[in-house]
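[1] Fold the following, please.
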Amino acid sequence: MAYRLTQYAHGGGCACKIPPGELEDMVRGLAGSAPAEPAGELLVGLDDGDDAAAVRIEGGQALIATTDFFTPVVDDPYDWGRIAAANALSDVYAMGGRPVVAVNLLCWPRETLPFELAAEALRGGTQVCGDAGCHLAGGHSVDDPEPKYGLAVTGTADPDRLLRNDAGRPGLPLSLSKPLGLGVLNTRHKATAERFEEAIEVMAALNDRASRAAVTAGVKCATDVTGFGLLGHLHKLARASGVSAVVDAAAVPFVAGAREALRDGFVSGGTRRNLDWVRPHTDLSAVDDDTALLLADAQTSGGLLVAGEVPGAPVIGELVPRREHTVVVR
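    Residues are numbered from 1 along each chain as shown. So this is what the prediction gives:
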């Protein structure tokens, strides 16, 4: 029997995230006080919505901790495992770190789907962690009505060379290491079972090279583009840095077939919620509604958005002094 994993979940990939506005309302005020006897100095926490937490530990290193998991974004379990692992590891790369060890997070409907499919997802995750030079050891599993898979990842970094949301400055170019349009293609795949090879390989690709290049170039500010879309993540970066961002829509790359998927109506609810959230903070007067939707498209395992130039990554805009809107699309 052939199983279509995407049919066993209400959403897919990072499009099933809690909407950004609702999430910010929920976690507001949770920073709290410092622990009584901390094992290290908290360098990056909850304040600005960075991709991971970072703590300075004994020996002068920064310890980076993150977790990410989601429902199936594609029907093939091995590809889903690869994509989910690359997506989880990306949070460490987005902070300028190197993943060291990860553990599996698996939720599985044990009476509905065979465990052979779960094993294939785990195999995909193992493959990508191996490519990243990251140990994958153990994890946790629960019986769940919907299949979900991802990783909890620990990495290390130089505490003085962290990439973070709040370090953007006017005059810096904005580079994007992967094309957009993954969300609309994943939505089309869920509805039609069409397979999009380029999108799968983009999602399964690691962000390690872009991260190393950014750190080597002395970049201080970056994030990765996932469920809140380019506009959402850029709004958070600009807001945290006290600047505005200008995006050249014509310079933004898209995966083949993305515009056709949008034309045919394959837009996730997550993408529409992203656009609703950023619209009050974004000047979209220069572009049409379709372009605005693609720029807000909920990505899964997207690229790094870097405030600086990265070899091989197109420059899609720049940071400027703070204006009325945090993001201006031209």
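[2] mind checking pLDDT for the residue most central in space within the chain?
    Closest to where the C-alpha atoms of the chain average out (Cα atoms, centre = their mean) is Thr226, at 3.0 Å. Here the pLDDT value assigned to Thr226 is 95.
[3] for the one 4 residues further on, same thing?
    Predicted confidence (pLDDT) for Leu230: 98.
[4] Could you do Gly257 as well?
    Looking at Gly257, its pLDDT stands at 97.
[5] Strands of this protein, start to end?
    Using DSSP state E, the strands found in the chain span residues 41-44, 53-57, 61-70, 98-108, 135-143, 148-157, 173-176, 222-224, 243-247, 282-283, 304-307, 315-321, 327-329.
[6] Enumerate every residue touching Gln8.
    If you look again at residue 8, you'll see it is Tyr, not Gln. Counting by Cβ atoms under 8 Å, 6 or more residues apart in numbering, Tyr8 touches Thr71, Pro72, Pro109, Thr112, Leu113, Glu146, Pro147. Every residue, glycine included, has its C-beta placed from N, CA and C.
[7] and if we set it to 7 Å?
    Pro72, Pro109, Thr112, Leu113, Glu146, Pro147 (Cβ atoms under 7 Å, 6 or more residues apart in numbering).
[8] so which of the residues you listed comes closest to Thr291?
    Distance to Thr291, by Cβ to Cβ, is smallest for Pro72 among those, at 28.6 Å.
[9] so who does the closest one touch?
    By Cβ under 7 Å, 6+ apart, the contact set of Pro72 is Leu5, Thr6, Tyr8, Ala9, Gly12, Trp80, Pro147.
[10] Reformat those into TSV and put distance to Glu260 and pLDDT next to each item.
    Below are those laid out as TSV (distance: Cβ to Cβ, whole Å; pLDDT from 0 to 100):
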residue	distance to Glu260	pLDDT
Leu5	24	97
Thr6	19	96
Tyr8	27	94
Ala9	24	90
Gly12	19	66
Trp80	24	98
Pro147	29	97
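[11] and those, which of them are in helices?
    In this view, the contacts of Pro72 that belong to helices under DSSP state H are Trp80.
[12] picking up where we left off before, possible to save the strands of the chain as JSON lines with mean neighbour count?
    Converted to JSON lines, the strands of the chain look like this (neighbours: other Cβ atoms under 10 Å):
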{"stretch": "strand 41-44", "mean neighbour count": "17"}
{"stretch": "strand 53-57", "mean neighbour count": "19"}
{"stretch": "strand 61-70", "mean neighbour count": "21"}
{"stretch": "strand 98-108", "mean neighbour count": "21"}
{"stretch": "strand 135-143", "mean neighbour count": "13"}
{"stretch": "strand 148-157", "mean neighbour count": "23"}
{"stretch": "strand 173-176", "mean neighbour count": "23"}
{"stretch": "strand 222-224", "mean neighbour count": "28"}
{"stretch": "strand 243-247", "mean neighbour count": "24"}
{"stretch": "strand 282-283", "mean neighbour count": "22"}
{"stretch": "strand 304-307", "mean neighbour count": "27"}
{"stretch": "strand 315-321", "mean neighbour count": "18"}
{"stretch": "strand 327-329", "mean neighbour count": "22"}
